[in-house]
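Enquirer: Fold the stuff below for me.
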Amino acid sequence: MIPNETYSIMGGIIAAGLKDVTIQLDGTLSFSKKIKHWPKKKLVGPHKNPFKKGHVLDCFVFSHTTNLTLTSSGTGTMEGNGAVWWGIPGIGYLIRVENRPKLLHIEYANDTLVENFYFHDSPYWTFEAYQVDGMEIRFSSINNRRDEKDDHNLIELSAFNTDGFDIYGNNVWVHDCEVWNQDDAFCVKGHSANITFERIRASGLGLTIGSIGPEIVQNVTFRDAYMHNTAKGIYLKFRSIDSGS
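Expert: All right, here's what the predicted structure looks like:
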């Protein structure tokens with residue numbers, strides 16, 4: 001249990017192999033603005049670039065979990081302090097491109113519940129569920145914006161790649177959730193089946209399936225969605241198998 005206080009922490013936190021664990025976040029986890037000190041993973045293999053220092057680690061990673069619950073008695077907050085990663089509109093993206101941490105990454109997980117969470121100003125993708133089976137996300141919201149204007153102007157959109165809920169997996173139910181961001185709001189990725197989004201509010205670059213190449217996606221439902229001032233509505237992205245584009 002994390003009490004109702006604000007805790008300043010560094011990213012790169014990895015929890016692996018948890019089983020039958022409940023984490024109750026009643027306060028705020030505020031990730032460090034000291035991006036020069038952010039932990040990085042080493043680049044290995046044939047694509048290693050000697051001019052790069054390595055890709056930054058994500059803020060928080062849960063890996064190979066079973067029956068994991070992330071909850072709050074009120075609203076647990078994960079504060080990404082994304083503005084320091086977005087930088088000056090336009091220029092910041094050219095400097096870092098996609099070398100920014102995801103706020104929460106859950107991978108190879110079975111039977112997961114996430115509820116009553118607030119994700120604010122993610123540096124990069126906000127919530128990624130990768131190769132999960134049996135996940136419910138409810139009563140949670142994402143807010144990634146540069147200002148409080150009720151639109152997605154060019155300044156706002158410069159906080160690009162701040163995806164909302166990105167799902168790769170099977171048997172996932174996302175409901176009673178809200179996203180305001182500058183990229184895909186609710187998104188289904190490749191190799192996914194039996195995904196339902198309902199009673200959702202989305203404003204960003206749409207309710208999305210993609211980017212999909214040779215992967216199979218089946219039985220996806222978007223239902224009862226309200227999209228206020230969204231830049232795009234329903235968005236399907238397919239890649240050419242030959243070109244990879």
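
Enquirer: so where's the protein uncertain?
Expert: 43-53, 240-245 (pLDDT under 70).

Enquirer: Tell me the strands beside the longest strand along it, with direction?
Expert: Criterion DSSP state E: the longest strand present in the chain is strand 165-180. Using DSSP bridges, the strands paired with strand 165-180 in its sheet are strand 127-138 (parallel), strand 141-143 (parallel), strand 186-188 (parallel), strand 192-203 (parallel).

Enquirer: could I get the ones you listed as JSON lines with distance to residue 6 and mean neighbour count?
Expert: For every residue, glycine as well, the C-beta is placed using N, CA and C. Formatted as JSON lines, those follow (distance: least, CB to CB, whole Å; neighbours: other CB atoms under 10 Å):
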{"stretch": "strand 127-138", "distance to residue 6": "21", "mean neighbour count": "19"}
{"stretch": "strand 141-143", "distance to residue 6": "17", "mean neighbour count": "20"}
{"stretch": "strand 186-188", "distance to residue 6": "28", "mean neighbour count": "26"}
{"stretch": "strand 192-203", "distance to residue 6": "26", "mean neighbour count": "20"}
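
Enquirer: Now distance to residue 100 too, for the ones you listed, in JSON lines please.
Expert: Compiled in JSON lines, the strands paired with strand 165-180 are given as follows (distance: least, CB to CB, whole Å):
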{"stretch": "strand 127-138", "distance to residue 100": "13"}
{"stretch": "strand 141-143", "distance to residue 100": "16"}
{"stretch": "strand 186-188", "distance to residue 100": "17"}
{"stretch": "strand 192-203", "distance to residue 100": "21"}
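
Enquirer: Just the buried positions in the longest strand of the chain, please.
Expert: 165-172, 174-175, 177-180 (16 or more other CB atoms under 10 Å).

Enquirer: Check stretch 54-63 too.
Expert: Those buried within stretch 54-63 under the rule 16+ other CB under 10 Å are 56-62.

Enquirer: Contacts for it next, please.
Expert: The contact list for stretch 54-63, computed with CB atoms under 8 Å, 6 or more residues apart in numbering, reads 11-18, 29, 31, 35, 38-43, 68, 78, 80, 99-109, 123.
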